[in-house]
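*Asks:* pasting a predicted model and its sequence here:
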Amino acid sequence: MDNSTDNVTLYAMFINDILENYKDNKSEYAELFKMIEGYDLSDPYNKVPIKLYNDLCAWLEANLGKFSLIKIGRQIGETIYTNLVTNKILNENATPIEIMQSLKKIANEMVQDPKGRGWVITKNEEKKLIMKRAQTFNSKLQLGLLDGLIRKSGVFLVKVDYVKSVERGDEFDEYLISWSK
């Protein structure tokens, strides 16, 4: 996987989604908040380097564990879903595949990558999908993001697991998303 972050930006709303969880305890998480100094996060559509996002996620994983990132991923899924519905890219009765197709589309808009990396749907079958992560998004956060988004389709028994994992030596992370109706 190409891990380059040169000239890759994303909207400040994603940084704000991360920080929202810790704003009431800024003194306890001073190191986390120090990382955002010098960035204008007041407008959710301001562009910030994806490296900042990755650094925040790495800090959280190292200091608070992977489950904190999965939780944040679910919240970012809420932000993305709300954005998709509000902008009429997706309707509230969308199927899992429609949600993932919309994620792929909106990720290409909300993350500005000159190399065009993002999400790839590698398999679409009844009650399961495989999504490949081709961008430097934190892999644990993506578990929560995918889980949260699929649940918005009204399905049950949602499960998101790695098929392939960069952490285990694979070139890309691939996520198997399965559910029941």
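*Replies:* Looks like it came in fine.
*Asks:* which secondary structure element contains residue 98?
*Replies:* For residue 98, the element it lies in under DSSP states H and E is helix 96-110.
*Asks:* which strands border the helix or strand that that helix is followed by, and is each parallel or antiparallel?
*Replies:* As assigned by DSSP H and E, the chain's next helix or strand after helix 96-110 is strand 111-112. Strand 111-112 has the following strand partners under DSSP bridges: strand 9-11 (antiparallel).
*Asks:* tell me which other helices or strands the following helix or strand past the strand it pairs with touches.
*Replies:* Using DSSP H and E, the helix or strand that follows strand 9-11 in sequence is helix 12-20. If you count contacts as 3 or more Cβ pairs under 8 Å, 6 or more residues apart in numbering; DSSP states H and E, helix 12-20 packs onto strand 47-49, helix 50-64, helix 66-86. All C-beta atoms are positioned from the backbone trio N, CA, C, and that covers glycine.
*Asks:* what do you get if the cut-off is 10 Å, keeping everything else the same?
*Replies:* helix 30-34, strand 47-49, helix 50-64, helix 66-86, helix 139-151 (3 or more Cβ pairs under 10 Å, 6 or more residues apart in numbering; DSSP states H and E).
*Asks:* hey, C-alpha coordinates of the helix holding residue 98 in PDB?
*Replies:* C-alpha atoms of helix 96-110 as PDB (Å, rounded to 0.1, in the frame of the first residue of the first chain):
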ATOM      1  CA  PRO A  96     -25.800  -1.700   2.600                       C
ATOM      2  CA  ILE A  97     -24.300  -1.700  -0.900                       C
ATOM      3  CA  GLU A  98     -25.800   1.800  -1.600                       C
ATOM      4  CA  ILE A  99     -24.300   3.000   1.700                       C
ATOM      5  CA  MET A 100     -20.800   1.600   0.800                       C
ATOM      6  CA  GLN A 101     -21.000   3.000  -2.700                       C
ATOM      7  CA  SER A 102     -21.800   6.400  -1.200                       C
ATOM      8  CA  LEU A 103     -19.000   6.000   1.300                       C
ATOM      9  CA  LYS A 104     -16.600   5.400  -1.600                       C
ATOM     10  CA  LYS A 105     -17.900   8.400  -3.500                       C
ATOM     11  CA  ILE A 106     -17.900  10.800  -0.500                       C
ATOM     12  CA  ALA A 107     -14.500   9.700   0.700                       C
ATOM     13  CA  ASN A 108     -13.100  10.700  -2.700                       C
ATOM     14  CA  GLU A 109     -14.600  14.200  -2.100                       C
ATOM     15  CA  MET A 110     -13.900  14.600   1.700                       C
END
